[in-house]
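>>> Pasting a predicted model and its sequence here:
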Amino acid sequence: MCAKTSTQSPAGEAVLFETRPCEGRSLGLITLNSPEKYNALTLPMVEAIQKQLDAWAEDDEIAIVVICGAGEKAFCAGADVRALHDVLQRQRGRPDNDAERFFAIEYRMDYTIHTYPKPVVCWGQGVVMGGGMGILSASRYRMVTPDLKLAMPEIRIGFFPDVGATHFLNRLPGSIGMFLGLTGASLNIADALRVGLADYAVPNDAFDEMLEWIQAEDWRYRVETNDRHLHETLHRYAAQYRLDLSDSHLEHHEQFISRVCRGSDVVSVVSEILEAKADTEWFKTAQTNLRDGCPVSAHLVFELLNRGLQQTLRDIFQMELNVAVHCMRHRDFMEGVRARLIDKDNKPRWTHRDVASVPKGWVKSHFSMPWGSGKHPLEGL
């Protein structure tokens, strides 16, 4: 459970900022603080986090930044997609509406964490999905707990794995990233460590102890020296625990995933996954997510990961924002959120019947810049 803090941000209680004294300097603590919503991200939250990160980057007193989530259930379940749905209902047709602005600012925040001039530690407890994965993957040091449930399940709501997923899914071994994007399959702590999506396994109740270890050390040196020392400190801190990491979902399916998901045609890849004999509940759930998911989303996952292989991180975030804005302007996202989160009938009526029915031109159109000749919101990254 993330430590409680008392200092509130301009966004109110939804995100909290605090500085903690260390030997020599201080650490900056960011707490996502809406546990009743699994710490889902909103526009005011990402705006406030970006502002604070910018300030701490220039503050010589701050040596390290730590990011966590309040409560015992989740670090962050992603964006508050219900709120985005409501915004689109009110502001649809308006250029630069708050839903589109949310993604532009969220992606800038993630890019800032990826490229931050000081080491960032993320405490990934419980549910870590979507936007939570974006923050975790962008952080220099990723601590995870035994109750971890990590996923990019956007295909279920007519969206796609974003927040830099084109980068971090492509870095996974054996085409596992393609499988995770297409199926929204969840990973446990053993899986996350196995494929490099996390660095250290630590108990749920050890957050305050981690802060104490950091605060006890001397951080008055150059960033590079502090970073090496932080690596050593966190390694020693985590090494005292011997957690059971034997129960991996991926371990039983890696060969199949590696063989199938390296295919060059999304229709055949999807068909092979759906036609495979499922011998675990985990794989059956992944198949169901893909079968009931948005056909356009499957194409977007496939296209993004293939295009992203030769792109810089900056280019990836710009490309993902193009696609995200097009998704906001088309009906599948609204329909997916309606079916999954509002009416909860779990019967989305997608624009296209299945993956084979989606025209190539429709997929390609999502990658054009949706602002015409205007300036890209992430041009300055």
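That came in fine, so what should we check first? Residues are numbered from 1 along each chain as shown.
>>> which residues does the closest residue to D110 other than its chain neighbours contact?
Nearest residue to D110 in three dimensions, chain neighbours excluded: G134, at 4.5 Å (CB to CB, 6 or more residues apart in numbering). All C-beta atoms are positioned from the backbone trio N, CA, C, and that covers glycine. Residues in contact with G134 (CB atoms under 8 Å, 6 or more residues apart in numbering) are E106, D110, D162, V163, G164, A165.
>>> and E335, how many neighbours does it have?
If you count neighbours by other CB atoms under 10 Å, E335 ends up with 19.
>>> on that earlier part again, and which of the contacts of G134 is nearest N322?
D162 (10.8 Å; CB to CB).
>>> And the single longest strand found in the chain, what does it pack against?
Looking across the chain with DSSP state E, the single longest strand is strand 12-21. Here strand 12-21 touches strand 8-9, strand 26-32, helix 43-57, helix 207-215, going by 3 or more CB pairs under 8 Å, 6 or more residues apart in numbering; DSSP states H and E.
>>> packing partners for the second one?
It stands for strand 26-32. strand 12-21, helix 43-57, strand 62-69, helix 207-215.
>>> Recalculate using a threshold of 7 Å.
Applying 3 or more CB pairs under 7 Å, 6 or more residues apart in numbering; DSSP states H and E, we find strand 26-32 packed against strand 12-21, helix 43-57, strand 62-69.
>>> now what about that strand, what contacts it?
The contact list for strand 26-32 (CB atoms under 7 Å, 6 or more residues apart in numbering) reads 2, 5, 15-20, 39, 49, 52, 56, 61-70, 76, 214-215.
>>> circling back: the residue nearest to D110 looks like it's in a helix, true?
Yes. Counting by DSSP: H, G, I helix; E, B strand; the rest coil, G134 falls inside a helix.
>>> That one and R338: what is the separation?
Distance of G134 to R338, computed by CB to CB, to the nearest Å: 24 Å.
>>> distance between the ends of stretch 160-174?
Stretch 160-174 has its terminal residues 20 Å apart, counting by CA to CA, to the nearest Å.
>>> quick one, strands of the protein?
8-9, 12-21, 26-32, 62-69, 74-76, 120-124, 127-129, 141-144, 149-151, 200-201.
>>> Going along the chain, name the helices of the stretch 101-250 of the chain.
Here the stretch 101-250 of the chain has its helices, by DSSP state H, counting those that start in this stretch, at 131-138, 165-168, 176-183, 189-195, 207-215, 223-239.
>>> Could you pull out the buried residues of the shortest one?
Residues of helix 165-168 classed as buried: A165, T166, H167, F168 (neighbour count, 16 or more other CB atoms under 10 Å).
>>> pretty sure the first one contacts P153?
Put plainly, it is A165. No. Applying CB atoms under 7 Å as the test, A165 and P153 come out as separate, 11.4 Å apart.
>>> Contacts made by stretch 371-381 with the rest, please.
A104, Y107, R108, Y111, R314, F317, Q318, L321, M369.
>>> Considering those residues, which possesses the most neighbours?
Most crowded among the contacts of stretch 371-381, counting by other CB under 10 Å, is F317 at 27 neighbours.
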